[in-house]
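Peer 1: Show me how the following folds:
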Amino acid sequence: MMKACIWKFSLLLAVLALVGISPSSAAAVSSSSPGFAWAWGKNLHGQLGNNSASDAQLPVAVQMPENVTFTTISGGHENSLALDTTGQVWAWGDNGFGQLGNNSTDKSLVPVAVQMPENVTFTTVSAGSDHSLALDTAGQAWAWGGNTDGQLGSDSMQKALVPVAVQMPTNVVFTAISAGRQTSLALDAAGDAWAWGGNGFGQLGNNSTERSLVPVAVQMPTNVTFTAISVGYDHSVALDSAGFAWAWGNDEYGELGTNIRTNGRTPVAVQMPASVTFTTISAGYAYSLALDTGGHGWGWGYGELGNNNTGNGTSFVERAQAPVEVRMPTNATFTMISAGMYHGLALQPAIDL
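Peer 2: So this is what the prediction gives:
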């Protein structure tokens with residue numbers, strides 16, 4: 001029986017005209033007018049940012065701060081994050097754990113300014129289940145919100161209502177971050193992965209199941225460096241410099257893609273399709289998605305694989321324990337792919353008519 005779904009991506013968020021921006025947790029990106037945000041879906045806590053708590057079945061405009069445009073967005077459980085052109089972070093929606101970073105626990109129906117560390121600007125953000133992550137221009141990670149498993153990386157289990165510095169490894173700078181349910185993942189400048197927080201299924205990749213309150217080194221495969229990372233509900237995935245995928249953590253539904261359904265406490269090689277290499281990877285609830293060099297999507301794990309086979313809900317044979325090809329639209333290629341809770345999204349380049 002599937003575990004309770006407490007990590008729900010309850011919104012789809014889009015920023016217009018973010019050409020070349022790869023969303024961290026965002027579900028969709030499109031291009032039109034510069035830097036304005038749109039959102040749709042569930043809105044119980046104001047996570048759509050349009051100054052209401054009513055659900056929206058079509059995109060609605062986020063009530064933008066005055067004279068502000070966004071460059072990056074990230075959708076979490078029931079809150080949203082955005083980064084503006086000056087490196088200031090904005091947040092809206094649920095705030096029960098302080099995940100809006102504005103020194104309160106009051107939800108907000110419109111974007112509010114995250115209380116930034118002094119003399120710091122951020123370059124990217126990632127929203128998790130009840131915590132938020134950001135990277136600054138020096139490669140230092142910051143975190144705020146819930147911290148029940150140490151997912152803030154601050155060497156404590158105290159929640160933080162404003163950004164606190166992640167206790168960085170010595171002489172390490174991060175280049176990418178990913179916030180999951182109660183786990184955080186980062187990539188450093190040398191291509192090594194680091195993780196902290198919950199680790200019940202080995203999703204920290206350090207050959208244990210003990211949580212960590214500070215970043216610990218993922219036990220990297222020999223002679224491998226990573227170029228991309230993503231953390232899902234209870235598993236993590238990465239791409240290496242040769243375009244091969246690796247995964248670790250929970251494998252109950254085949255989300256590690258090894259075709260053997262065994263939890264991995266360290267990165268294990270995804271069983272790659274013949275003559276295929278990946279360029280993008282994303283971890284969802286209990287499945288993973290990837291994009292290959294030809295613009296074709298691949299998926300493995302539970303259900304949301306886009307291969308026209310939903311199974312009967314009881315047989316793992318009808319789920320994919322190794323990558324299967326997404327059934328692509330005719331003559332289509334994708335440039336981005338993102339795994340949500342129970343849905344996947346992809347971006348196709350504009351077609352000149």
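
Peer 1: and Gln219, what does it touch?
Peer 2: Counting by CB atoms under 8 Å, 6 or more residues apart in numbering, Gln219 makes contact with Gly205, Asn206, Asn207, Thr266, Pro267. Glycine gets a C-beta too; all of them are placed from N, C-alpha and C.

Peer 1: which non-adjacent residue is nearest it?
Peer 2: Thr266 (4.2 Å; CB to CB, 6 or more residues apart in numbering).

Peer 1: Run me through the strand neighbours of the helix or strand where that neighbour lies, direction for each.
Peer 2: Under DSSP states H and E, the secondary-structure element containing Thr266 is strand 264-269. If you go by DSSP bridges, strand 264-269 pairs up with strand 245-249 (antiparallel).

Peer 1: How much space separates the closest residue to Asp106 other than its chain neighbours from Gly145?
Peer 2: In space, not counting the residues next to it along the chain, Asp106 is nearest to Asn95; the distance is 5.9 Å by CB to CB, 6+ apart. For Asn95, the distance to Gly145 (CB to CB, to the nearest Å) stands at 9 Å.

Peer 1: Compare these two (neighbour count), which wins?
Peer 2: Each of Asn95 and Gly145 has its neighbours counted (other CB atoms under 10 Å); Gly145 has more, 30 against 24.

Peer 1: what's the spacing between that one and Ala61?
Peer 2: Relative to Ala61, Gly145 is positioned 26 Å away (CB to CB).

Peer 1: pLDDT below threshold where in this protein?
Peer 2: 1-34, 303-318, 341-343, 345, 350-353 (pLDDT under 70).

Peer 1: Report the secondary structure element holding Trp90.
Peer 2: strand 89-93.

Peer 1: Give me the helices and strands touching that strand, please.
Peer 2: Using 3 or more CB pairs under 8 Å, 6 or more residues apart in numbering; DSSP states H and E as the contact criterion, the secondary-structure elements in contact with strand 89-93 are strand 79-84, strand 108-113.

Peer 1: repeat that for 10 Å
Peer 2: Strand 89-93 is packed against strand 37-41, strand 70-75, strand 79-84, strand 108-113, strand 122-127, strand 131-136, strand 141-145, with contacts defined by 3 or more CB pairs under 10 Å, 6 or more residues apart in numbering; DSSP states H and E.

Peer 1: Including distance to Ile281, could those strands go into CSV?
Peer 2: Conversion of the helices and strands packed on strand 89-93 to CSV gives the following (distance: least, CB to CB, whole Å):
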stretch, distance to Ile281
strand 37-41, 24
strand 70-75, 17
strand 79-84, 21
strand 108-113, 29
strand 122-127, 15
strand 131-136, 18
strand 141-145, 20
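
Peer 1: Minimum distance to Ser54: which of those has it?
Peer 2: strand 108-113 (10.2 Å; CB to CB).

Peer 1: ranges for the strands of the stretch 201-350 of the chain?
Peer 2: Under the criterion DSSP state E, counting those that start in this stretch, strands of the stretch 201-350 of the chain are mapped to 212-217, 226-231, 235-240, 245-249, 264-269, 278-283, 287-292, 297-301, 320-325, 336-339, 344-347.

Peer 1: Any idea which of those gets closest to Pro111?
Peer 2: In this view, the strands of the stretch 201-350 of the chain are compared for proximity to Pro111 by CB to CB, and strand 336-339 is the closest at 21.5 Å.

Peer 1: which neighbours does the closest one have in its sheet, and in what orientation?
Peer 2: Partners of strand 336-339, by DSSP bridges, with direction: strand 344-347 (antiparallel).

Peer 1: which neighbours do Asn95 and Gly145 share?
Peer 2: Residues touching both Asn95 and Gly145 by CB atoms under 10 Å, 6 or more residues apart in numbering: Asn79, Gly101, Asp130, Leu161.

Peer 1: Check the spacing between Ala269 and Ser54 real quick.
Peer 2: Going from Ala269 to Ser54 by CB to CB gives 46 Å.

Peer 1: typo on my end, it should be Trp300
Peer 2: With distances defined as CB to CB, the gap from Trp300 to Ser54 amounts to 36 Å.

Peer 1: more neighbours, the two?
Peer 2: Legend: neighbour count by other CB under 10 Å for Trp300 and Ser54, higher for Trp300 (28 against 10).

Peer 1: The strand holding Thr266 vs strand 235-240, what angle?
Peer 2: Strand 264-269 and strand 235-240 meet at an angle of 30 degrees, taking axes from the mean of the first three to the mean of the last three CA atoms, to 10 degrees as the criterion.

Peer 1: Let me have the strands of the stretch 201-350 of the chain in JSON lines, extended by distance to Phe36.
Peer 2: Shown next, in JSON lines, are those (distance: least, CB to CB, whole Å):
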{"stretch": "strand 212-217", "distance to Phe36": "35"}
{"stretch": "strand 226-231", "distance to Phe36": "26"}
{"stretch": "strand 235-240", "distance to Phe36": "31"}
{"stretch": "strand 245-249", "distance to Phe36": "34"}
{"stretch": "strand 264-269", "distance to Phe36": "39"}
{"stretch": "strand 278-283", "distance to Phe36": "24"}
{"stretch": "strand 287-292", "distance to Phe36": "26"}
{"stretch": "strand 297-301", "distance to Phe36": "28"}
{"stretch": "strand 320-325", "distance to Phe36": "35"}
{"stretch": "strand 336-339", "distance to Phe36": "19"}
{"stretch": "strand 344-347", "distance to Phe36": "18"}
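
Peer 1: wait, which of these is closest to Thr123?
Peer 2: strand 226-231 (15.8 Å).
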